[in-house]
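Visitor: turn this into a structure:
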Amino acid sequence: MNKKFFAKAAAVVAVLGLATTATPAFAGDAIAGKGSSFANNALQYCLSHYDPATGDTVTYTSTGSGTGRTEFAAGNVDWAASDGTYAATDKQPAAYQNIPLFGGPVVFAYNKNSGIPAGLKLTSKVVSGILKGTISMWNAPEIAAINKGAKLPAKTISVFYRTSGSGTTENLTNYLLQTSGDTWIKSKDLQAAAGGTLAPTALAKATSSVIADKVESTKYAFGYFDLSDAVSAKVSIASLKNEFGNFVAPTAKAGATFLAGQSAVLDTTKPYLDGTLAIDFKKQIKGAYQLTIVTYGLAPKGGTTSKATAVEGWFKNVVSSCLPSNAAKLGYVALPSGLKASALTQIDAISTK
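Guide: Prediction:
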């Protein structure tokens, strides 16, 4: 008999007045997850509001996507969240699912007390130059040209970026590879992706929230992280030129517009890619915020334990209930209907119970 049976049985007993004790019929499982710091605010909100009839409890530690994947592959956690996928050469679990859970914009933020106007406009080419150090001053001609009339300080840009293993960095470098016209490779390591050369001022930090804090507290600072952390921090947020030719601010609506134009990969020959999105960062979509990414849930496939069933219930709640109702206010994007349907099909395969 499974947990769903016990939950229903307990409800029937209570209704008939036959229950003689407040002790639950099933105490539930505790399922631990690790991974993406980009996704942390959404997952913390959802788990704090999660109250299943099974009594399952969920915990999540923001460590970065790479650590989440490593810990899940080693069997040290019951599930993980990642903004990137396993590489073919990575150690992977014997059987697992890579399931889209939700998305969100990656923002380019800057210190709001630096005399730089709010709503600064950026292009992928300019972002590339800032990260590589070929654009080192806030009043550089490349920035001034797309912000005509703006008074920009003659100050050096202080760059903050994610340490190696970041799924956010993997998506950012893929975006720059596709759109900037500059030399980049897709990598979880920003320095490697840039060919070994970053801005002399660049400092690496472990999580999105740490970078948000550094940009908030450091004059003339620049960094990239999730919209949710940007909204809660006292920072300014840049508008980004999309492939349609518009400068668009990172919002949940603009992110949803972008993700609605993407499709999932169905590839049974490479299980580590199945269910991911082959994101086309060059796709022209009016009103879209071009650098919008997806967080994936890593879970067992065909699991036979009660913990696998618990992970299945937790993921269903995130995809079907929590995020559709709360994503926008948290700075994230719920899955569009087509992606949501395919994700739920994958979630149903987590457990055989």
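
Visitor: may I have the longest strand anywhere in the chain as PDB, with CA atoms only?
Guide: Assignment by DSSP state E gives strand 96-111 as the longest strand of the chain. Extracted C-alpha coordinates of strand 96-111, given in PDB (Å, rounded to 0.1, in the frame of the first residue of the first chain):
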ATOM      1  CA  TYR A  96      17.300  10.100 -13.700                       C
ATOM      2  CA  GLN A  97      15.000  12.800 -15.200                       C
ATOM      3  CA  ASN A  98      16.000  16.300 -16.200                       C
ATOM      4  CA  ILE A  99      12.600  18.100 -15.800                       C
ATOM      5  CA  PRO A 100      11.900  21.700 -16.600                       C
ATOM      6  CA  LEU A 101      10.300  23.300 -13.500                       C
ATOM      7  CA  PHE A 102      10.200  27.100 -14.200                       C
ATOM      8  CA  GLY A 103      12.200  29.900 -15.800                       C
ATOM      9  CA  GLY A 104      13.300  33.400 -15.200                       C
ATOM     10  CA  PRO A 105      15.300  36.300 -16.600                       C
ATOM     11  CA  VAL A 106      19.000  36.700 -16.000                       C
ATOM     12  CA  VAL A 107      19.500  40.500 -15.300                       C
ATOM     13  CA  PHE A 108      22.400  42.800 -15.700                       C
ATOM     14  CA  ALA A 109      22.500  45.000 -12.600                       C
ATOM     15  CA  TYR A 110      24.600  47.900 -11.500                       C
ATOM     16  CA  ASN A 111      25.100  49.900  -8.300                       C
END
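
Visitor: what is the mean pLDDT for that strand?
Guide: For strand 96-111, the mean per-residue pLDDT is 96.

Visitor: each with direction, which strands does whichever helix or strand comes after that strand pair with?
Guide: Downstream of strand 96-111, the next assigned helix or strand under DSSP states H and E is strand 121-122. On the basis of DSSP bridges, the sheet neighbours of strand 121-122 come out as strand 239-241 (parallel).

Visitor: the strands in this protein, which residues?
Guide: 30-35, 57-62, 79-82, 96-111, 121-122, 158-162, 203-205, 221-226, 235-237, 239-241, 247-248, 292-300.

Visitor: in JSON lines: the ones you listed, plus distance to residue 312 and mean neighbour count.
Guide: (Each C-beta comes from the backbone N, C-alpha and C, glycine too.) What follows is the strands of the chain, written out as JSON lines (distance: least, Cβ to Cβ, whole Å; neighbours: other Cβ atoms under 10 Å):
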{"stretch": "strand 30-35", "distance to residue 312": "10", "mean neighbour count": "22"}
{"stretch": "strand 57-62", "distance to residue 312": "12", "mean neighbour count": "19"}
{"stretch": "strand 79-82", "distance to residue 312": "10", "mean neighbour count": "28"}
{"stretch": "strand 96-111", "distance to residue 312": "10", "mean neighbour count": "26"}
{"stretch": "strand 121-122", "distance to residue 312": "41", "mean neighbour count": "20"}
{"stretch": "strand 158-162", "distance to residue 312": "31", "mean neighbour count": "23"}
{"stretch": "strand 203-205", "distance to residue 312": "34", "mean neighbour count": "18"}
{"stretch": "strand 221-226", "distance to residue 312": "26", "mean neighbour count": "28"}
{"stretch": "strand 235-237", "distance to residue 312": "36", "mean neighbour count": "22"}
{"stretch": "strand 239-241", "distance to residue 312": "36", "mean neighbour count": "22"}
{"stretch": "strand 247-248", "distance to residue 312": "36", "mean neighbour count": "20"}
{"stretch": "strand 292-300", "distance to residue 312": "7", "mean neighbour count": "27"}
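
Visitor: now render those strands as JSON lines, adding distance to residue 334.
Guide: Written out in JSON lines, the entries for these read as follows (distance: least, Cβ to Cβ, whole Å):
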{"stretch": "strand 30-35", "distance to residue 334": "19"}
{"stretch": "strand 57-62", "distance to residue 334": "18"}
{"stretch": "strand 79-82", "distance to residue 334": "15"}
{"stretch": "strand 96-111", "distance to residue 334": "6"}
{"stretch": "strand 121-122", "distance to residue 334": "26"}
{"stretch": "strand 158-162", "distance to residue 334": "25"}
{"stretch": "strand 203-205", "distance to residue 334": "28"}
{"stretch": "strand 221-226", "distance to residue 334": "15"}
{"stretch": "strand 235-237", "distance to residue 334": "21"}
{"stretch": "strand 239-241", "distance to residue 334": "21"}
{"stretch": "strand 247-248", "distance to residue 334": "19"}
{"stretch": "strand 292-300", "distance to residue 334": "11"}
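
Visitor: no further questions, thank you.
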